[in-house]
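Engineer: only the shape, not the letters, is given here:
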């Protein structure tokens with residue numbers, strides 16, 4: 001994710017264009033925020049952009065995030081807090097959800113992901129095709145005060 005935090009405005013415009021999205025100032029701002037946040041709800045993106053002082057309305061943020069999800073630039077993921085969040089990494093990967101901090105981070109292990117996918121495909125009911133694997137690991141640091 002570090003590489004995403006260092007994208008230039010031109011890099012962001014190119015990514016938007018590759019996903020069939022016009023690089024409007026609103027989309028550039030929202031994608032830049034997502035690159036910094038990694039995993040965020042629309043409300044979090046709005047707050048990151050300045051909340052009520054933001055140049056964008058909350059409705060615009062929702063609409064932009066939705067268009068980016070529809071294009072495949074972002075992925076929409078469920079969280080354990082009962083809220084959906086957007087993920088700047090739209091590829092299949094695992095997530096670590098920290099109960100003690102409420103944060104989400106990526107965990108990459110291509111061999112494990114492939115093995116899990118193969119195992120799931122072997123037991124899927126007839127007629128179903130696996131689109132992707134999404135697994136969230138729920139963890140906490142026992143030394144972290146609650």
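Structural biologist: Looks like it arrived, so ask away. This one's a predicted model, so the numbers in the text were calculated from it and none came from an experiment.
Engineer: just give the closest residue to the residue positioned nearest the centre of the chain, not the sequence neighbours.
Structural biologist: Among the residues of the chain, the smallest C-alpha distance to the mean C-alpha position (C-alpha atoms, centre = their mean) belongs to residue 87, namely 0.1 Å. Nearest non-adjacent residue to residue 87, counting by C-beta to C-beta, 6 or more residues apart in numbering: residue 75, 4.5 Å away. C-betas here are computed from N, CA, C, even on glycine.
Engineer: the chain: helices as residue ranges?
Structural biologist: Listed in chain order, the helices found in the chain under DSSP state H are 2-5, 9-18, 25-37, 42-48, 58-71, 110-123.
Engineer: turn those into JSON lines, columns for mean pLDDT and distance to residue 143.
Structural biologist: Conversion of the helices of the chain to JSON lines gives the following (pLDDT from 0 to 100; distance: least, C-beta to C-beta, whole Å):
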{"stretch": "helix 2-5", "mean pLDDT": "68", "distance to residue 143": "26"}
{"stretch": "helix 9-18", "mean pLDDT": "94", "distance to residue 143": "38"}
{"stretch": "helix 25-37", "mean pLDDT": "95", "distance to residue 143": "26"}
{"stretch": "helix 42-48", "mean pLDDT": "95", "distance to residue 143": "27"}
{"stretch": "helix 58-71", "mean pLDDT": "96", "distance to residue 143": "35"}
{"stretch": "helix 110-123", "mean pLDDT": "93", "distance to residue 143": "26"}
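Engineer: residue 137: which of those is closest?
Structural biologist: helix 110-123 (11.3 Å; C-beta to C-beta).
Engineer: and that closest one, how far from the chain's centre?
Structural biologist: Averaged C-alpha coordinates place helix 110-123 at 22 Å from its chain's average position (C-alpha atoms, centre = their mean, to the nearest Å).
Engineer: swap in stretch 7-24?
Structural biologist: Between the mean C-alpha point of stretch 7-24 and the mean C-alpha point of its chain there is a distance of 17 Å (C-alpha atoms, centre = their mean).
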